[in-house]
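Trainee: Predicted model follows, preceded by the sequence.
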Amino acid sequence: MIKVLVVEDEPLLAAAHSAYTKRVPGFEVVGEAHTGQEAMALLRRTEVDLILLDFNLPDIHGLDLCRALRAAGHGTDVLAVTSARDLEMVRAAVSLGVTQYLLKPFTFAVFRDKLERYADYRVQRGEVAAQHQVDRMLAALRGPTSDTLPKGLGTETLDAIVEALRAEPGQSAAEIASRTGTSRVTARRYLEHLVETGRATRASRHGGAGRPEVEYRPVLSGR
C-alpha cells in the first residue's frame with residue numbers, strides 16, 4: 001500500500017481529498033494535517049510515501065514546507081494540490097522535487113489518474129538500460145493533455161469517458177454515450193483512443209441477435 005499524508009488547511013477539502021484517495025486501490029491515508037507544523041510532526045512519527053500538499057497553508061507556504069522536508073532529509077514524494085497557477089511557482093515546485101502538480105478544482109477522474117500514474121511510476125524497478133526506459137518511467141507520471149491528444153479530442157470529455165467506463169466495466173460505445181451525454185460516434189472515438197494508448201481493451205459481446213456488439217473495459221494497474 002502507498003501511504004498518503006493529506007496536507008490541506010481547509011478541513012472539508014482535506015476530508016474530500018482523503019475520501020478520494022481511499023477510493024483508489026493501492027492507496028492508504030495515514031493522516032491529515034492542516035498546517036505545515038502538523039505535517040512535519042506527522043512525518044516525524046509516521047511512514048509516508050506521498051504527500052498531497054496544498055501550497056496555501058496558514059503558517060508556511062507549501063514550497064517552504066518542501067524546502068524544510070528536503071533539508072530534514074525527507075525523500076517523500078509530493079503531489080501539489082493547489083490553485084496556484086503561476087508558472088514560476090510551478091518551476092520552483094519542480095526544482096524542489098514535486099512529483100506532480102494538480103490544479104484545483106478537479107474531478108475525481110483527474111485525481112484518480114494522477115494517483116494511478118504515480119503508482120505505475122513507483123512499481124518500476126531494476127537498472128535502466130536504455131533511454132526509452134527512462135522516458136517510459138517519467139511518462140508514467142504524466143497524463144494526456146490537450147496538446148498530446150489526437151485532434152478533436154478534449155481532456156474533459158476524455159475524463160468523463162474514463163470515469164463512465166470504470167463505473168461499470170464492459171460497456172458498448174452506445175452505453176458510454178448514454179452515460180456521458182455524448183453521441184455514440186464521439187464515445188467510440190474516445191474509447192478507441194483509450195484502446196490505442198493501452199488504457200482500455202475491446203472485445204466482442206455475444207448473446208444477442210444480429211451482429212456481435214463491441215464492448216470496452218478499462219485496463220487497471222495491477223497492485
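Mentor: Everything's here; your move.
Trainee: burial count for Q100?
Mentor: Residue neighbour count, defined by other C-beta atoms under 10 Å, stands at 20 for Q100. Bear in mind the C-beta positions are built from the backbone N, C-alpha and C, glycine included.
Trainee: can you list the weak-confidence ranges in this protein?
Mentor: Across the chain, the ranges flagged by pLDDT under 70 are 123-148, 206-211, 220-223.
Trainee: again, 90 this time
Mentor: By pLDDT under 90, the low-scoring segments of the chain are 72-75, 82-114, 116-160, 162-163, 166-170, 193-213, 218-223.
Trainee: which residues of it fall in helices?
Mentor: All helices of the chain, identified by DSSP state H, fall at 11-22, 36-45, 62-71, 87-95, 108-123, 131-139, 155-167, 173-180, 184-196.
Trainee: got the angle between the first one and helix 108-123?
Mentor: Relative orientation of helix 11-22 and helix 108-123, computed by axes from the mean of the first three to the mean of the last three C-alpha atoms, to 10 degrees: 60 degrees.
Trainee: Show me what helix 11-22 packs onto, helices and strands only.
Mentor: Helices and strands touching helix 11-22, by 3 or more C-beta pairs under 8 Å, 6 or more residues apart in numbering; DSSP states H and E, are strand 2-7, strand 27-33, helix 108-123.
Trainee: Parallel or antiparallel, list what pairs with the first one.
Mentor: The sheet places strand 2-7 alongside strand 27-33 (parallel), strand 50-53 (parallel), with pairing taken from DSSP bridges.
Trainee: could I get these as a markdown table with distance to K104 and mean neighbour count?
Mentor: As requested, the strands paired with strand 2-7 are arranged in a markdown table below (distance: least, C-beta to C-beta, whole Å; neighbours: other C-beta atoms under 10 Å):
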| stretch | distance to K104 | mean neighbour count |
| --- | --- | --- |
| strand 27-33 | 17 | 18 |
| strand 50-53 | 11 | 26 |
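Trainee: so can I have CSV of the ones you listed showing distance to E213?
Mentor: As requested, these are exported to CSV (distance: least, C-beta to C-beta, whole Å):
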stretch, distance to E213
strand 27-33, 34
strand 50-53, 40
